[in-house]
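Student: Sharing a model prediction with you, sequence too.
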Amino acid sequence: NAGVTQTPKFQVLKTGQSMTLQCAQDMNHEYMSWYRQDPGMGLRLIHYSVGAGITDQGEVPNGYNVSRSTTEDFPLRLLSAAPSQTSVYFCASRPGFFDEQFFGPGTRLTVL
Amino acid sequence: GENVEQHPSTLSVQEGDSAVIKCTYSDSASNYFPWYKQELGKRPQLIIDIRSNVGEKKDQRIAVTLNKTAKHFSLHITETQPEDSAVYFCAASRYNQGGKLIFGQGTELSVKP
């Protein structure tokens, strides 16, 4: 199993540009989530999903959209990038509620 | 919504000493509390977790305790080693918000040889 994969690893955007961060898992996990990590602020939940076709907002959803058309994929879309979205983004998945959550390697995003 | 507060933000101990990290949560219905370790430049990884029907859980040198009445839980690391140096995160979740796992702000633990 490849586990949780994320692309790209690094990305630089200009203010106002849009882009999609890709996340995929090959473990047939129902639960998937997106977090952003900023110094001193821990891991903040952006959006999450409990299965294909089901998504919900986390702590900091503004400026981001998600969709879950398949169990495997959970892309995160930045609609109009802002410097405040400069961060490291982690995708994560787990089989069920009481199960270990596995993180992807992260995407380091810089918005100029 | 759920809020998780974690203290301290940094912790420095001598090798062999114990380390304790504390978290408080706001949602009394939370029933799952994992702890993650993140080494520099790497992704977070689960080290231990506890469910609300258990007061304490141990795994070798690490243990977690839960006080539901006070809504706080703690990570205890005994006989610390330099390789324990990392950032530790607590988290909380409740079953009817299944995918919503909320993390604390993190504790940077430094173990000095």
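Tutor: Received, thanks.

Student: Show the pLDDT at the most centrally placed residue in chain A.
Tutor: Closest to where the C-alpha atoms of chain A average out (C-alpha atoms, centre = their mean) is A:Trp34, at 3.1 Å. On pLDDT, A:Trp34 comes in at 98.

Student: so it is in which element?
Tutor: strand A:31-37 (DSSP states H and E).

Student: How about A:Tyr48?
Tutor: Going by DSSP H and E, A:Tyr48 is part of strand A:43-51.

Student: and that strand, C-alpha only, in PDB?
Tutor: This file holds the C-alpha atoms of strand A:43-51, laid out as PDB (Å, rounded to 0.1, in the frame of the first residue of the first chain):
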ATOM      1  CA  LEU A  43      -3.100  21.300  13.200                       C
ATOM      2  CA  ARG A  44      -6.300  23.000  12.300                       C
ATOM      3  CA  LEU A  45      -9.100  21.100  10.600                       C
ATOM      4  CA  ILE A  46     -10.200  22.600   7.300                       C
ATOM      5  CA  HIS A  47     -12.700  20.100   6.000                       C
ATOM      6  CA  TYR A  48     -13.500  16.400   6.600                       C
ATOM      7  CA  SER A  49     -15.400  13.600   5.100                       C
ATOM      8  CA  VAL A  50     -17.000  10.400   6.500                       C
ATOM      9  CA  GLY A  51     -17.500   8.700   3.200                       C
END
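
Student: Now do the strand holding A:Trp34: distance to the chain's middle.
Tutor: With C-alpha atoms, centre = their mean, to the nearest Å as the basis, strand A:31-37 stands 5 Å off its chain's centre.

Student: elements contacting it?
Tutor: strand A:19-25, strand A:43-51, strand A:87-94 (3 or more C-beta pairs under 8 Å, 6 or more residues apart in numbering or on different chains; DSSP states H and E). Placement of C-beta: from N, CA and C, glycine included.

Student: which helices and strands does the strand holding A:Tyr48 pack with?
Tutor: strand A:31-37, strand A:54-57, strand A:64-66, strand B:102-103.

Student: Format those strands as TSV; extra columns: distance to B:Leu46.
Tutor: What follows is those, written out as TSV (distance: least, C-beta to C-beta, whole Å):
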stretch	distance to B:Leu46
strand A:31-37	14
strand A:54-57	22
strand A:64-66	23
strand B:102-103	12
